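[1] Make a model of this:
(one chain, ligands or ions: 1)
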Amino acid sequence: MDFGGYGVVICVLLGLIQFAIYIIYSKRKKNVKRLEVAPGTVVLYQIGRGPEAPSSSPFPLKLETYLRMNKIPYMNDHSATFSKKSKTPWMTYNGEAIADSQFCIDFLADTLHLNPSAHLSDKEKATARAFQKLLEENFYWTMCHEMFMKKENKEHIASVMPYTGLKLWFVLTWLSFNLKKEMWGHGIGRHTDEEIWYIAEHDLRAVASFLENNRFMMGDEPCEVDCAVFGMIAQVRWHMPGSRHEKLLHDELTNLVAYCDRMKDRYWPDWDQHCRSSKLFNDDSGKIYFQDGATL
Ligand SMILES: N[C@@H](CCC(=O)N[C@@H](CS)C(=O)NCC(=O)O)C(=O)O
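    Numbers count the residues shown, from 1 in each chain. Prediction:
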């Protein structure tokens, strides 16, 4: 068989694997026993906890931090069922399912009349949005490239995922395949490794320069954009050791390291209980936070 022939066989095999995983997952989704919660309690569906931070994905960490920032009663479901858009996280609220971390936040803000960014001017809100989108729609893909597309980091990304054995292999194969397709569609996947790092470095430096010596992104007090920024930078800080991203953060952009620590201290006093590598780790699936006005 010539090289082209092997390529076709590999593509067909990968397609079959992806299809099998889709069937297994969609079957599981229907079979998962949903826990009953009181009205007004968010059920947050996310993948299991990360080894060094409460999630190995920026988007669930962002949403959970927002729930904590606003003391919204919530419960985690770590069964790793993905949303109808095949992404994590998603949530239900009074029986209604909402997919996408930002749609969840906007829904809660509208429904519960929350506005942690009320003190910002329109121009500041626009700036906050621009930085959030820079990280979520651009920088995020450089992290995916660094962790999923580079052979030398494959072992590390496997250790960050909340799975073992065959399941880990399936999820990694499926995710790497999907991410490669998505990165090509986005456009970033068409660049060379050096070009992608060039983009990553400039994005990260831009966020650090904007933060300067502020305590939080928009000043002395945290607001909505901090949930997204923290969710993303926390992955660099805790889940990408040895990567170019992490080296830059620790060697030069130390204001971002201190920023992560401030967000962690403010919203995650129980951080260690949610890190798989900690002796204090405790699976909190089903635990209700902020019930009847309780604190953390
Ligand atoms: N815009 C979405 C992004 C969510 C997202 O991309 N989640 C990743 C985990 S880091 C995912 O589910 N990836 C699976 C895939 O892309 O196939 C949100 O804010 O919730």
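[2] for the ligand, what are the nearby residues on the stretch 151-296 of the chain?
    By CB under 6 Å from any ligand atom, the residues of the stretch 151-296 of the chain that approach the ligand are N178, E182. Using the backbone N, CA and C atoms, a C-beta is placed for each residue, glycine as well.
[3] Break down the stretch 151-296 of the chain into its strands, ranges please.
    Under the criterion DSSP state E, counting those that start in this stretch, the stretch 151-296 of the chain carries strands at the ranges 288-289.
[4] Which single residue in it comes nearest to the ligand?
    N178 (3.8 Å; CB to the nearest ligand atom).
[5] burial count for L108?
    21 (other CB atoms under 10 Å).
[6] Kindly report the same for the one 4 residues further on.
    Residues near L112, counting by other CB under 10 Å, number 12.
[7] so how far is V160 from the residue of the stretch 151-296 of the chain closest to the ligand?
    For N178, the distance to V160 (CB to CB, to the nearest Å) stands at 17 Å.
[8] Compare the two (neighbour count), which wins?
    Under the criterion of other CB under 10 Å, the comparison of N178 against V160 puts V160 first, with 20 against 16.
[9] Give me the domain ranges for the chain.
    1-31, 32-293 (automatic domain parsing).
[10] what's the most buried one of these?
    domain 32-293 (a mean of 17; mean count of other CB atoms under 10 Å).
[11] give the contact list for M69.
    P116, P222, E224, D226, C227, Y267 (CB atoms under 8 Å, 6 or more residues apart in numbering).
[12] you'd agree E212 is up against N255?
    Yes: counting by CB atoms under 8 Å, E212 does reach N255; the two are 7.0 Å apart.
[13] Is the closest residue to V43 other than its chain neighbours part of a helix or strand, or is it coil?
    Among residues not flanking V43 along the chain, T92 sits closest, at 4.7 Å (CB to CB, 6 or more residues apart in numbering). What DSSP: H, G, I helix; E, B strand; the rest coil gives for T92 is strand.
[14] which residues does T92 contact?
    Contacts of T92 by CB under 8 Å, 6+ apart are V42, V43, Y45, I98.
[15] Which of the residues you listed lies at the shortest distance from the ligand?
    Out of the contacts of T92, the member with the shortest distance to the ligand (by CB to the nearest ligand atom) is I98, at 10.1 Å.
[16] Within the sheet, what are the partner strands of the helix or strand in which the closest one is found, with directions?
    Under the criterion of DSSP states H and E, I98 resides in strand 96-99. Strand 96-99 sits in its sheet next to strand 90-93 (antiparallel), going by DSSP bridges.
[17] Return the partner strand as PDB; C-alpha atoms alone will do.
    What follows is strand 90-93, C-alpha atoms only, in PDB (Å, rounded to 0.1, in the frame of the first residue of the first chain):
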ATOM      1  CA  TRP A  90     -23.000  23.100  30.800                       C
ATOM      2  CA  MET A  91     -25.600  23.500  33.500                       C
ATOM      3  CA  THR A  92     -29.300  23.100  34.300                       C
ATOM      4  CA  TYR A  93     -31.300  25.600  36.200                       C
END
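[18] remind me which residues of this structure are low pLDDT?
    Counting by pLDDT under 70, the low-confidence segments of the chain come to 1-35.
[19] please redo it, this time with the cut-off set to 90
    1-36, 79-81, 151-156, 162-163, 292-293, 295-296 (pLDDT under 90).
[20] and stretch 165-175, how far from the chain's centre?
    With CA atoms, centre = their mean, to the nearest Å as the basis, stretch 165-175 stands 18 Å off its chain's centre.
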